[in-house]
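S.K.: let me see the structure of the following:
(4 chains)
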2 protein chains.
Amino acid sequence: MTTVSSLTYEDLGSAAQRDRRRRILDATVTLASRGGFDAVQMRAVADQADVALGTLYRYFPSKIHLLVSALAQQFEETEATLGRRTIPGDDPADRVTYVLTRATRGLQREPHLTEALTRAFMFADSTVSGEIRVVGRRLTSMLTRALQGDQYVEDTEPTDREIAVARVISDVWLASLVAWVTGRITAEQVTERLETAVELILR
Amino acid sequence: MTTVSSLTYEDLGSAAQRDRRRRILDATVTLASRGGFDAVQMRAVADQADVALGTLYRYFPSKIHLLVSALAQQFEETEATLGRRTIPGDDPADRVTYVLTRATRGLQREPHLTEALTRAFMFADSTVSGEIRVVGRRLTSMLTRALQGDQYVEDTEPTDREIAVARVISDVWLASLVAWVTGRITAEQVTERLETAVELILR
DNA sequence: TCTGCAACTGAAACGTGTTTCTATTATGCC
DNA sequence: GGCATAATAGAAACACGTTTCAGTTGCAGA
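M.R.: Numbering: from 1, shown residues only, chains lettered A, B, ... in the order given. This next block holds a predicted model:
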């Protein structure tokens, strides 16, 4: 149950170190986009990021830590790009569906990357719980924001019900993504399942 | 996307072969109960089952196939024991909650085994889709049966809505199990989350 | 019973995640 | 600038999943 944590951007003192961290995460995303989970090989990441293998492990204590950190970073980037925009839709169900559809379309464009990040997220053990929590929080907050709609700009705390709804929907989303990246369902079916779930919970 | 399948009980001609398969799955469950996913090492399984490593791989083409097959077997055993009994509860929500609570309590008694099987299930890639489907079907049928209640004895086909509800609930269940086995939430929280989800969907 | 084929054994070897260790380089402090 | 310390490089070694293969055993059909 012991947690081992990756070095975060804030942990790193010098610009050179922050640059190393960035290079490592960039290499990870590049390799993952190209060949998925299996293509993210620690030696290959180290090579491409131009750091020694030992250094890579100093920054990220395992392949799973590395990939989950890459996932967190991808989330950050997404939020930075379209995070402040108002979510279209007149009621919570519409807004949630909008966010989910849009996100799913984005993931669909990078199937290998999605496979790598999703599988790492699901396979993470207790030593990765810190990083996992970060991603989980981002996910639910993205959904509670969609549930609240414009009220969000006032930074309203989500209600218990909103949190519960967000959790269920993110559970369905993750399960559907796993099913998609393992070829059990198509991308369209992912969207269908999400819409059905939203229907069941919010209508 | 190519599927590679494990040898099923039906595939095996001789009694000696069926016995080998049983010994392998027994060894898997024993090791998993003792030390979880990491303790299920292919050499150790082969040793304990008294077969050569190559034979183990002939029966189950990977560790994940092996563990997911063990999961399918556990399901079968559970269904055989209490499969025909009527599920108590006056409405679908009560019956589903009953089944979930009971199952969760069972899993709680074998945390290492649950960790091993759950993680294998979530980590499975496209080559395991056959075995995964078997387990997925069992899961949803367990839940649709609870939704239908006594009607089930008439072998009524579940409605689309029932199937959709069952899917959402099994998604929540799996996500909660993963969170539990990785130490992010307690077993009580698993039950809480399931009850909340049932509440949201069925009330 | 004999024969041929499929299954099994035992062991070696390979791939990749992870650990470890020594030499070298960068960094902060006097 | 010189020094102590931490960070990094580079490479070897280990662990475990997986593959391979030569020899042996078990078994169905002639």
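
S.K.: can you list the residues that contact stretch A:141-155?
M.R.: Defining contact as CB atoms under 8 Å, 6 or more residues apart in numbering or on different chains, one finds that stretch A:141-155 is touched by A:79, A:86-87, A:89, A:92, A:95-96, A:98-99, A:156, A:158, A:162-163, A:165-166, A:169-170. All C-beta spots, glycine's among them, are computed from the backbone N, C-alpha and C.

S.K.: do that again at 10 Å, thanks
M.R.: Here stretch A:141-155 makes contact (CB atoms under 10 Å, 6 or more residues apart in numbering or on different chains) with A:75, A:78-79, A:83-84, A:86-100, A:103, A:156-159, A:161-163, A:165-170, A:173, A:202.

S.K.: quick one: the helices in chain A, in order.
M.R.: A:15-39, A:42-49, A:53-59, A:63-82, A:92-109, A:111-123, A:129-148, A:160-181, A:187-202 (DSSP state H).

S.K.: format those as CSV; extra columns: mean neighbour count, distance to DNA strand D and mean pLDDT.
M.R.: As requested, those are arranged in CSV below (neighbours: other CB atoms under 10 Å in any protein chain shown; distance: least, CB to the nearest atom of the strand, whole Å; pLDDT from 0 to 100):
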stretch, mean neighbour count, distance to DNA strand D, mean pLDDT
helix A:15-39, 18, 5, 96
helix A:42-49, 17, 8, 98
helix A:53-59, 15, 3, 97
helix A:63-82, 19, 12, 92
helix A:92-109, 18, 26, 95
helix A:111-123, 23, 13, 97
helix A:129-148, 20, 19, 93
helix A:160-181, 22, 17, 97
helix A:187-202, 18, 26, 96
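
S.K.: closest to residue B:9 out of those?
M.R.: Of all those, the one in closest proximity to residue B:9, counting by CB to CB, is helix A:160-181 (26.1 Å).

S.K.: report all helices and strands that that closest one contacts.
M.R.: Under the contact definition 3 or more CB pairs under 10 Å, 6 or more residues apart in numbering or on different chains; DSSP states H and E, helix A:160-181 sits against helix A:92-109, helix A:111-123, helix A:129-148, helix A:187-202, helix B:111-123, helix B:129-148, helix B:160-181, helix B:187-202.

S.K.: in TSV: those helices, plus distance to residue A:66.
M.R.: Listed next are those as TSV, based on distance: least, CB to CB, whole Å:
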stretch	distance to residue A:66
helix A:92-109	19
helix A:111-123	8
helix A:129-148	10
helix A:187-202	26
helix B:111-123	16
helix B:129-148	26
helix B:160-181	19
helix B:187-202	28
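
S.K.: out of the helices of chain A, nearest to residue B:11?
M.R.: Short answer: helix A:160-181, nearest of the helices of chain A by CB to CB, at 25.9 Å.

S.K.: that older thread, out of the helices and strands packed on helix A:160-181, which gets nearest to residue A:60?
M.R.: Closest to residue A:60 of the helices and strands packed on helix A:160-181, according to CB to CB: helix A:129-148, at 9.3 Å.

S.K.: the closest one vs helix B:160-181, what angle?
M.R.: Taking axes from the mean of the first three to the mean of the last three CA atoms, to 10 degrees, one finds that helix A:129-148 is oriented at 150 degrees with respect to helix B:160-181.

S.K.: helix A:129-148: how far from the chain's middle?
M.R.: 9 Å (CA atoms, centre = their mean, to the nearest Å).

S.K.: any bit of that helix sitting next to DNA strand C?
M.R.: No - Helix A:129-148 is not in contact with DNA strand C by CB under 7 Å from any atom of the strand; minimum separation 13.5 Å.

S.K.: and residue A:58, what is it in contact with?
M.R.: A:6-7, A:20, A:51-52.

S.K.: rerun that using 8 Å as the cut-off
M.R.: residue A:7.

S.K.: returning to that earlier point: now the helices of chain A in CSV, with distance to residue B:189?
M.R.: Output for these, formatted as CSV (distance: least, CB to CB, whole Å):
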stretch, distance to residue B:189
helix A:15-39, 29
helix A:42-49, 34
helix A:53-59, 32
helix A:63-82, 21
helix A:92-109, 23
helix A:111-123, 19
helix A:129-148, 13
helix A:160-181, 11
helix A:187-202, 20
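
S.K.: so which of those helices is nearest residue B:25?
M.R.: helix A:111-123 (22.5 Å).

S.K.: that closest one close to DNA strand C?
M.R.: No - in terms of CB under 7 Å from any atom of the strand, no part of helix A:111-123 sits within range of DNA strand C; the closest distance is 10.2 Å.

S.K.: who are the packing partners of that helix?
M.R.: Using 3 or more CB pairs under 8 Å, 6 or more residues apart in numbering or on different chains; DSSP states H and E, the elements in contact with helix A:111-123 are helix A:15-39, helix A:63-82, helix A:160-181, helix B:111-123.

S.K.: what's the angle from it to helix A:187-202?
M.R.: In terms of direction (the same axes, to 10 degrees), helix A:111-123 departs from helix A:187-202 by 50 degrees.

S.K.: quick one: helix A:111-123 to chain centroid distance?
M.R.: On CA atoms, centre = their mean, the centre of helix A:111-123 falls 9 Å from that of its chain.
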